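Participant: Need coordinates for the below:
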Amino acid sequence: MPGLSIEDLPAMSPAELRAAWREQYRKPAPDIGPDLLRRGIAYRIQARVHGGLTPATKRAIAKAQKRLEQTGSVCSPRDLLIKPGTRLVREWQGKTYHVLVLDTGFEFDDRRYNSLSQIAGEITGAHWSGPRFFGLKKRKAPPKRGRADG
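Facilitator: Presented below is the predicted three-dimensional model:
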C-alpha cells in the first residue's frame, strides 16, 4: 500500500485495514474492530510525518502501565487532574469559599496560590491536605486488623 494516506482509511474494508496494519507496524493486526484499526494506522502515518511520542511521554506511559499492572489503577495517589477553569466550592464553618483552577495554580480571594493546601491553610488556620479539604480525595480507611479467635 505505497502512498497510503489517512484520507484512504474510511473507504477501506476490514481485510484491507488488517493488511495496512501489517505494513505499517510489521506485525499482524490485533483482534480489534475496524474503527480502532483505522485510528492506529492513522496514528502511525501521522507519526512518520510529524514525529512520534517524545521520550518524556513514552516514560509517562511506561510508568502508568507499570502502575496499572501493580495497583489496577493508572492514577497515582499524587495525581490531581483538574481542568483549568474548574471552580471548587467548599463550605467551612458556615461560610462558602470558591477557588478557581488556573493553568498554573489556583486563584482564591483575588490572590494566586501554587497549591490547594496553601488555600486550605488560609481558610482553616491549620495544615490540611488541600485536595482532601476540597473533596478531591477521600481519606484512606485505616487498615483492618485481624481478630484473634480463641
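
Participant: pLDDT below threshold where in the chain?
Facilitator: 1-2, 75-80, 138-150 (pLDDT under 70).

Participant: And the strands in it, which stretches?
Facilitator: For the chain, the strands defined by DSSP state E cover 87-92, 95-101, 106-108, 111-113.

Participant: Same list (those) but as a markdown table, adding distance to Gly40 and mean neighbour count.
Facilitator: In this view, the C-beta of every residue, glycine as well, is placed from N, C-alpha and C. Converted to a markdown table, the strands of the chain look like this (distance: least, CB to CB, whole Å; neighbours: other CB atoms under 10 Å):
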| stretch | distance to Gly40 | mean neighbour count |
| --- | --- | --- |
| strand 87-92 | 38 | 12 |
| strand 95-101 | 33 | 14 |
| strand 106-108 | 38 | 19 |
| strand 111-113 | 42 | 14 |
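
Participant: Minimum distance to Arg22: which of those has it?
Facilitator: Nearest of the strands of the chain to Arg22, taken as CB to CB: strand 95-101 at 44.7 Å.

Participant: Now do that closest one: which elements does it pack against?
Facilitator: Strand 95-101 sits against strand 87-92, strand 106-108, helix 116-124, with contacts defined as 3 or more CB pairs under 8 Å, 6 or more residues apart in numbering; DSSP states H and E.

Participant: Throw these into a markdown table and include distance to Ala62, thanks.
Facilitator: Converted to a markdown table, these look like this (distance: least, CB to CB, whole Å):
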| stretch | distance to Ala62 |
| --- | --- |
| strand 87-92 | 32 |
| strand 106-108 | 30 |
| helix 116-124 | 29 |
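
Participant: between the ones you listed, which one is nearest to Lys63?
Facilitator: Taking CB to CB, helix 116-124 is the member of these nearest to Lys63, at 23.5 Å.

Participant: Could you give me the buried positions within the closest one?
Facilitator: Neighbour-count burial for helix 116-124, counted by 16 or more other CB atoms under 10 Å, picks out Leu116, Ser117, Gln118, Ile119, Ala120, Gly121, Ile123.

Participant: Let me have the residues you listed in a markdown table, adding distance to Pro34 as columns.
Facilitator: Converted to a markdown table, those look like this (distance: CB to CB, whole Å):
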| residue | distance to Pro34 |
| --- | --- |
| Leu116 | 44 |
| Ser117 | 48 |
| Gln118 | 50 |
| Ile119 | 48 |
| Ala120 | 49 |
| Gly121 | 54 |
| Ile123 | 53 |
